[in-house]
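Peer 1: Take this sequence and fold it.
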Amino acid sequence: MIEERESTTLVPPGDKVEVDAALNLRIAIAVETERTEMISAAMPVEEAIKLLESDPVALEIMWSRLVTVTEEMWLTVIRTAFSLTVSESQDFACGILDVHGESMVHSPRAMPVFNLTLPRAVRALLEKFPVETLRPGDVLITNDPWLCAGHLFDIAVVTPVFVKERVVALIGTVGHVSDIGGTKDAIRATEIYEEGLQIPPMKFSDGGTVNTTLIEIISQNVRGAEQVVGDIYGFIAANSLGAARLTSFMSEYGLSDLQAMAQLVQRLSEKAMRDAVRRMPDGEYRSEIQCRQLGDTLSYPVKLTVTGDEIDIDFEGAPPQLPRGGLNSTLNYTVAHATYPLKCLLTPDIRGNAGCYRPFRVKAPAGSALNANYPASVSMRTRTGWYIAPNIFQALSQAAPGGVQAHTGLPIVTRVYCQTPSGIDAGHMFMGGGQGGSKGRDGHSTLLWPTSASNTAVEVFEARVPALVTEKAYLPDSGGAGAYRGGLGQRLRMRKLYDDGLTMQVGLFPEPPGMAVGGLFGGAPGKGGGGRILNAAGQEVHNVGDGELVRIARTDQLVEISTNGGSGYGDSRQRAPEAVAEDIRLGYVTGVAARVDHARAEAAPHLEGAK
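Peer 2: Just a heads-up that it's a prediction; the model follows:
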């Protein structure tokens, strides 16, 4: 063990280390020796499972090791990605799946919805390319929204892993690429053909031979082809590394097959989930949430039926699929957003895999906005799917008041296209809303829940796009009041960098103004979302309402987009006086709002003189 001021280096038995003249540590890694076979391909699965269960400490280490493989894949994607969407906002996921396309482990930092839709994409790919037909060098690909993650931007890349000429697992990465062609004005699209390039289940690489025709088709149909194709190769690189690490793991532990390992970890996660469901009172739990979409206010009811160790989620009564705007959700996407909140609520500390979700069944009417039929427009399905979690939490608030959270202000992805003398520079700005409050905790501010994506750094965005961000700030008073306050939303203002007369297009599609999703147990709704154009003095000259692709050509025009804060949890009159005072001190809440939301005798001293 070599201790330095800022690092510790462990040199295990078999490795050799020397310090060179520049004080670098030069470590020679010992040649790995294959362990005596512990589990053969011929061993019955149940017998192999008993063998693994006999040493729970070793099992825990092996399970953790598999998670570490997906983490290294995740870091590989970050380091090789070309687009801000992947490298900066981290809109992707990596996972290891068994030969049936069922999830074994995934990166803890992976996008939650992808962890649930990637297995569905893998199973769809295996229907066309059965496991027994795959060979080393094959790479499968698709972005079909009905088979994968719900819209065309999300591309899944899947690589089979071979041991002794047998497929033992599948490695998958799915991510949101920077562009997929189609219209920039997504709110106007009426069918998927307008939304971009569709990639049916196919081979990106066949036995190591890359499908150059597919690359040419992708490159010809997307904006910024080098970023899109570069990201796909980054996904493939991560899969390749994951496959190498997995086969090394198997060799080290003497495993010739992974079926027993897969079934065991899935069973353990399933048991933990069923035990958690069993602790909930049986019964029917209902809720209804209202969304403003295309100028109308639509109702989305949900019914959850808890019976023993299973939960049925039924969206009967959902509105018919919407005629335009890309606001429809495919069933894949609906199932993911209906079951992920249950995972958060019931087994937050259990590693996720296919077993966690086996106790759940989800139904939504065919042809509805939550189970749209092909070729419906689906590009902006987040503005429907992201309301599912608060609806489910509201339904279960009486059964599990300590595990639910109030509505989170919707994240926003703003696409910016700047015309330049050399062509078009484009970039995405990811912005989070305020997280809803929960029992014992205020919501976090500017969080992109229910995703794990991150807010885009201003400096990185400005390095890619000739635009200047003039303001990025919390929105005071945007968090819904409550015993536990909703987190704050944010406001961003930007303009063209150069006064060259060329056009900058910005997709302003905020959470619809006037959307007020109430909090839980008396908490107030969050607010603040919107999009508009301002003049140099900061005065509004145009409001985009429910959303619009705007065009500006002068540097004295400001584009402003704001996200809603989260809704509150509990009666605001029950908020601790010292918490109210701290909110005012930090500028999260103004004195005027505090007097309205929290006025009571014991809080009065904290509110006097507050502005």
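Peer 1: so how many other residues sit close to the residue lying closest to T451 once chain neighbours are set aside?
Peer 2: Excluding the flanking residues, the one nearest T451 by C-beta to C-beta, 6 or more residues apart in numbering is M111, at 5.7 Å. Heads up, the C-betas are built off the backbone N, CA and C, glycines and all. M111 sits with 27 neighbouring residues when counted by other C-beta atoms under 10 Å.
Peer 1: Run through the residues that contact M111.
Peer 2: Q90, D91, F92, A93, T451, S452, A453 (C-beta atoms under 8 Å, 6 or more residues apart in numbering).
Peer 1: Which of those fall within strands?
Peer 2: Among the contacts of M111, the members falling in strands (DSSP state E) are F92, A93.
Peer 1: Now render the contacts of M111 as TSV, adding neighbour count and pLDDT.
Peer 2: Converted to TSV, the contacts of M111 look like this (neighbours: other C-beta atoms under 10 Å; pLDDT from 0 to 100):
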residue	neighbour count	pLDDT
Q90	23	94
D91	28	95
F92	31	96
A93	29	96
T451	21	90
S452	20	89
A453	20	91
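Peer 1: Nearest to M261 among the contacts of M111?
Peer 2: Using C-beta to C-beta, A93 comes nearest to M261 of the contacts of M111, at 20.7 Å.
Peer 1: Rounded mean pLDDT for stretch 559-569, please.
Peer 2: Model confidence over stretch 559-569 averages 97 on the pLDDT scale.
Peer 1: Quote the end-to-end distance of it.
Peer 2: Using C-alpha to C-alpha, to the nearest Å, one end of stretch 559-569 lies 33 Å from the other.
Peer 1: ok, now which ones touch the closest residue in space to E102 that isn't next to it in sequence?
Peer 2: Leaving aside its chain neighbours, E102 sits nearest to A354 (4.0 Å; criterion: C-beta to C-beta, 6+ apart). Contact partners of A354, counting by C-beta under 8 Å, 6+ apart, are E102, S103, M104, P119, Q266, S269.
Peer 1: at 6 Å instead, please
Peer 2: With contacts taken as C-beta atoms under 6 Å, 6 or more residues apart in numbering, A354 has the following neighbours: E102, S103, Q266.
Peer 1: what pLDDT does it get?
Peer 2: 97.
Peer 1: can you offset everything so residue one is 23?
Peer 2: Let's use 23 as the start, then, which means that last one is A376.
Peer 1: returning to that earlier point: kindly indicate which of the contacts of A376 lies nearest A208.
Peer 2: S125 (30.0 Å).
Peer 1: Run through the bridge partners of the closest one.
Peer 2: For S125, the beta-bridge partners under DSSP bridges are L119.
Peer 1: before we move on, the earlier item: got the phi/psi numbers for the residue nearest to E124?
Peer 2: Per-residue torsions, A376: phi -60, psi -30 (degrees, to the nearest 10).
Peer 1: ok, it to P152 distance?
Peer 2: 19 Å (C-beta to C-beta, to the nearest Å).
Peer 1: try K225
Peer 2: Distance from K225 to P152, by C-beta to C-beta: 13 Å.
Peer 1: Tell me which of these two has more neighbours.
Peer 2: Neighbours were counted for K225 and for P152 using other C-beta under 10 Å; K225 has more, 19 against 10.
Peer 1: Reduced to three states, what does that one come out as?
Peer 2: Here K225 takes the strand state, with states given by DSSP: H, G, I helix; E, B strand; the rest coil.
Peer 1: State the distance from it to E124.
Peer 2: Counting by C-beta to C-beta, the gap from K225 to E124 is 22 Å.
Peer 1: and what of E154?
Peer 2: Looking at E154 against E124, where the rule is C-beta to C-beta, the gap reads 17 Å.
Peer 1: So between these two, which is more surrounded?
Peer 2: Comparing E154 with E124 by other C-beta under 10 Å, the one with more neighbours is E124, at 19 against 8.
Peer 1: how about that one, phi and psi?
Peer 2: According to degrees, to the nearest 10, E124 has phi -100, psi 140.
Peer 1: likewise the one 10 residues further on?
Peer 2: Backbone torsions for P134, taken as degrees, to the nearest 10, come to phi -50, psi -50.
Peer 1: For E310, grab the count of nearby residues.
Peer 2: For E310, the count of nearby residues is 13 (other C-beta under 10 Å).
Peer 1: Now do the buried residues in whatever helix or strand it lives in.
Peer 2: Under the criterion of DSSP states H and E, E310 resides in strand 305-315. Residues Y307, S309, I311, C313, R314, Q315 are the ones in strand 305-315 that count as buried (16 or more other C-beta atoms under 10 Å).
Peer 1: from the chain's centre, how far out does it sit?
Peer 2: Computed by C-alpha atoms, centre = their mean, to the nearest Å, the chain-centroid distance of strand 305-315 equals 23 Å.
Peer 1: Any chance you could list what contacts that strand?
Peer 2: For strand 305-315, using C-beta under 6 Å, 6+ apart, the contacting residues are 319-328, 349, 409, 413, 416-418, 421, 534, 537.
Peer 1: which of those are buried?
Peer 2: Looking at the contacts of strand 305-315 with 16+ other C-beta under 10 Å, the buried ones turn out to be 320, 322, 324-326, 328, 349, 409, 413, 416-418, 421, 534, 537.
Peer 1: Identify all contacting residues around stretch 266-283.
Peer 2: 56-63, 67, 70-71, 87, 91, 183, 185, 190-191.
Peer 1: Drop anything exposed from those residues.
Peer 2: For these, buried by 16+ other C-beta under 10 Å: I61, A70, I71, R87, V91, V183, V185, V190, A191.
Peer 1: Distance of the first one relative to S76?
Peer 2: Spelled out, that is I61. In terms of C-beta to C-beta, I61 sits 12 Å off from S76.
Peer 1: burial measure for the residue nearest to T212 when sequence neighbours are not counted, as a count.
Peer 2: Excluding its sequence neighbours, the residue lying closest to T212 (C-beta to C-beta, 6+ apart) is R346, at 4.5 Å. Counted with other C-beta under 10 Å, residues neighbouring R346 total 16.
Peer 1: Among the contacts of stretch 266-283, which ones are in helices?
Peer 2: V67, A70, I71, R87, V91 (DSSP state H).
Peer 1: who touches the first one in this structure?
Peer 2: Listed by C-beta under 6 Å, 6+ apart, the contact set of V67 reads Q281, A282.
Peer 1: So it versus K186, what's the distance?
Peer 2: In terms of C-beta to C-beta, V67 sits 18 Å off from K186.
Peer 1: Checking my notes, N261 in a strand, right?
Peer 2: No. Using three-state DSSP, the secondary structure at N261 is helix, not a strand.
Peer 1: The closest residue to it other than its chain neighbours bridge partners, please.
Peer 2: Residue nearest to N261 in three dimensions, not counting chain neighbours: T181, with 3.8 Å by C-beta to C-beta, 6+ apart. As for beta bridges, T181 partners with I193 under DSSP bridges.
Peer 1: what residues are up against T181?
Peer 2: Contacts of T181 by C-beta under 6 Å, 6+ apart are V161, I193, N261, A265.
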